[in-house]
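In: next one to model:
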Amino acid sequence: MNRPNLLRFIVIRDDEERYTAVCIEHYIAAQGDSAETAMDRLKIAYRADLDYSLTVAGKPFEGIEPAPAKYREMLISREGYEETGVIYDGAPAELQIAA
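Out: All right, here's what the predicted structure looks like:
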């Protein structure tokens, strides 16, 4: 099964030097001690949520709402985040990330 998806994400750094990667299209997030770790963990969380929703509901990301508007606004304004990128899901067992 091939599910081509392009999902935008941003990486935010908080005051304690923790990084959070947030997917814009679906409210999926992950944290890490570096931007790279947060992005890697987001890929894992994305995959887990996708597989779970397909198993339980039969539809990709069924029941997972978009991220709150403040994250989309950050992406559009290009302010308040450290990095941005896209998750490419072109094959079921493998995700690739491009910044």
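
In: quick check: closest non-adjacent residue to the spatially most central residue of the chain.
Out: Geometric centre of the chain, nearest residue: Cys23, 3.0 Å, by CA atoms, centre = their mean. The spatially closest residue to Cys23, leaving aside those adjacent along the chain, is Phe9, at 4.8 Å (CB to CB, 6 or more residues apart in numbering). Just so you know, the C-beta spots here come from the backbone N, C-alpha and C atoms, and that holds for glycine as well.

In: one step back: quick one: the residue nearest to the centre of the chain and Leu7, what's the gap?
Out: Separation of Cys23 from Leu7 (CB to CB, to the nearest Å): 5 Å.

In: about what we covered before: got phi/psi on the residue nearest to the centre of the chain?
Out: The phi/psi pair for Cys23 (degrees, to the nearest 10) reads phi -80, psi 140.

In: biggest helix in the chain, by residue count?
Out: Longest helix in the chain, counting residues (DSSP state H): helix 35-56.

In: mind listing what's buried along that one?
Out: Buried residues in helix 35-56, counted by 16 or more other CB atoms under 10 Å: 35, 38-43, 45-47, 49-50, 53-54.

In: between the residues you listed, which is nearest Arg18?
Out: Ala38 (8.3 Å; CB to CB).

In: wait, the closest one sits on Val22?
Out: No - the pair Ala38 / Val22 is not scored as a contact, 9.1 Å apart, by CB atoms under 8 Å.

In: what segments of this protein are helices?
Out: Counting by DSSP H, the helices of the chain are 35-56, 69-77.

In: pLDDT score assigned to the closest residue to Ala57 other than its chain neighbours?
Out: The shortest distance from Ala57 to any non-neighbouring residue, by CB to CB, 6+ apart, is to Gly63 (6.4 Å). On the pLDDT scale, Gly63 is placed at 87.

In: likewise for Gly80?
Out: pLDDT, Gly80: 79.
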